[in-house]
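Colleague: Below: sequence and its predicted model.
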Amino acid sequence: NLSGKSAVITGSTSGIGLGIARALSDAGANVVLNGFGDVLAARQLVERAGGKVAYHGADLTQPEQISDLMRYAEKEFGSIDILVNNAGIQHLAPIEDFSVERWNSILALNLSAGFHTTRLAVPAMKKKNWGRIINIVSVHGLVASTNKSAYVAAKHGMIGLTKGVALELAQTGITCNAICPGWVLTPLVEQQIANKAQQQGISLAEAQSQLLLEKQPSGIFVTPEQIGALLLFLCSDAAQEVRGAAWNIDGGWIAQ
Ligand code: NAD
C-alpha cells in the first residue's frame, strides 16, 4: 500500500509510463504525470485508478524545465517518494547517417534527464530516509541492436547511472533500480512496425510478427500492466535490498 506516498512518472501520458501511473495510483500513491499528447485522457484514466493526480508539461530535454517539474511536484503533494524515469524516444539510422540533432536529443531525454531528476529528488528522500528511484531502461541497456546507436548508448548509460546511484545510497532507505523491458506495443514501437512494413512492402500484421520473432522468443508483447506490477514490487518493503539491479522483463530476449 503506497497511500501517503507521492510519485513523479516522466513520460506518463502514453504507453508504459501511463501503465505505471495507473498501477501507482491504484496502489494509493499520489501521482504527478508528465509528457505530451492527450493529457486529459491520460489524466482521466489515472484518476479512475483512485489516487490524486497532478500534471506538469516539462520538456525533459531542458534541464531548467526539469527543475520546474520537481519543484511543482514537491509543492503539490509535499514530497517525491517515488521517482520513475520513463520518458524516452527512439530513432533508427545507421551510424554514418545518424543525425547529430537526434543523437543530442536522445542523449538529453533518455539519459541526462534521469541524472537531473535524480540529483534533484535525492536530498528530500535522504531527509526521510526512504525513496524509490526506478529507471525504465530497456533490454537495449544490456544488449544492442543495429541502427539504434543513440538509444543503445543512452540506455547502457542509464544502467551505469542506476548502479552508481544505488551504490551511493546503499546505506540509506533509498533504492535505485532499472527495469529492462523487451517489446511492448506502444506508439514508440508502433512506429517501428509501420516503418518496417513500409520498407519491406509487407502488411502491418506481418511486420509486427517479424519484429517480435526476430528478438523476443515468447512471440508475445510485454504489457504496461506487467511492468507496473514489477515496479510495485520494487516499491515494496520486500524489495528493500534490491539495489542497482537491471531487471529484464522481455519474453526471453536477453536469455539468448
Ligand atoms: P511512448 O512513446 O508511448 O511514451 C513516451 C512518453 O514520453 C510520452 O508520454 C511522451 O509524451 C513522453 N515524452 C516524449 N518526449 C518527451 C520530452 N521531451 N519531455 C517529456 N516527455 C516526453 O513510449 P513507451 O514505449 O511507453 O516508452 C517509455 C519508455 O520505455 C522509454 O524510455 C522507452 O525507451 C522505454 N522502453 C520501451 C519499450 C517498448 O517496447 N515500447 C521497450 C523497452 C523500453
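Modeller: Perfect, thanks for sending it. Numbering: from 1, shown residues only.
Colleague: residues of the strand or helix carrying Glu214 that come out buried?
Modeller: Using DSSP states H and E, Glu214 falls within helix 204-215. Under the neighbour-count criterion of 16 or more other Cβ atoms under 10 Å, helix 204-215 has Ala207, Gln208, Leu211, Leu212, Lys215 buried. Every C-beta, even on glycine, is put in place using the N, C-alpha and C of the backbone.
Colleague: does stretch 215-230 come close to the ligand?
Modeller: No: judged by Cβ under 6 Å from any ligand atom, stretch 215-230 and the ligand are separated, with a smallest distance of 7.0 Å.
Colleague: same thing with stretch 13-33?
Modeller: Yes: Stretch 13-33 lies within reach of the ligand by Cβ under 6 Å from any ligand atom, at Thr13, Ser14, Gly15, Ile16, Gly17.
Colleague: Just give me the neighbour total for the second one.
Modeller: By other Cβ atoms under 10 Å, the residues close to Ser14 number 20.
Colleague: give me the element Cys180 is part of.
Modeller: Counting by DSSP H and E, the element that carries Cys180 is strand 174-181.
Colleague: can you redo the buried residues of helix 204-215 as TSV with pLDDT?
Modeller: Listed next are the buried residues of helix 204-215 as TSV, based on pLDDT from 0 to 100:
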residue	pLDDT
Ala207	97
Gln208	97
Leu211	96
Leu212	96
Lys215	97
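Colleague: Format those as CSV; extra columns: distance to Tyr55.
Modeller: Below are the buried residues of helix 204-215 laid out as CSV (distance: Cβ to Cβ, whole Å):
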residue, distance to Tyr55
Ala207, 34
Gln208, 32
Leu211, 32
Leu212, 33
Lys215, 34
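Colleague: looking at this, Glu241 is in a strand?
Modeller: No: the assignment for Glu241 (DSSP: H, G, I helix; E, B strand; the rest coil) gives coil, which keeps it out of a strand.
Colleague: hang on, the earlier thing: by contact count, what packs against the strand holding Cys180?
Modeller: When contacts are defined as 3 or more Cβ pairs under 8 Å, 6 or more residues apart in numbering; DSSP states H and E, strand 174-181 sits against helix 113-128, strand 131-136, helix 149-168, helix 224-235, strand 246-249.
Colleague: Does it reach the ligand?
Modeller: Yes: counting by Cβ under 6 Å from any ligand atom, contacts between strand 174-181 and the ligand involve Pro181.
Colleague: so the nearest residue to Leu167 once chain neighbours are set aside is in which element?
Modeller: With sequence-adjacent residues excluded and distances taken as Cβ to Cβ, 6 or more residues apart in numbering, Leu167 is closest to Gly244, at 6.4 Å. Element membership for Gly244, per DSSP H and E: none, as it lies in no helix or strand.
Colleague: how close does Gly244 get to the ligand?
Modeller: 19 Å (Cβ to the nearest ligand atom, to the nearest Å).
Colleague: coming back round to it: tabulate the helices and strands packed on strand 174-181 (TSV), appending mean neighbour count and mean pLDDT.
Modeller: Below are the helices and strands packed on strand 174-181 laid out as TSV (neighbours: other Cβ atoms under 10 Å; pLDDT from 0 to 100):
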stretch	mean neighbour count	mean pLDDT
helix 113-128	19	98
strand 131-136	25	99
helix 149-168	20	99
helix 224-235	19	98
strand 246-249	20	98
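Colleague: Which among the ones you listed is found nearest to Leu24?
Modeller: With Cβ to Cβ as the criterion, Leu24 lies closest to helix 224-235 of these, at 7.4 Å.
Colleague: So what's the residue count around Ala54?
Modeller: Counted with other Cβ under 10 Å, Ala54 comes out at 17.
Colleague: what's the answer for the one 5 residues further on, then?
Modeller: Other residues lying near Asp59 total 16 when counted by other Cβ under 10 Å.
Colleague: Same check on the one 4 residues further on?
Modeller: Using other Cβ under 10 Å, Pro63 has 15 neighbouring residues.
Colleague: So it versus the ligand, what's the distance?
Modeller: For Pro63, the distance to the ligand - Cβ to the nearest ligand atom - is 12 Å.
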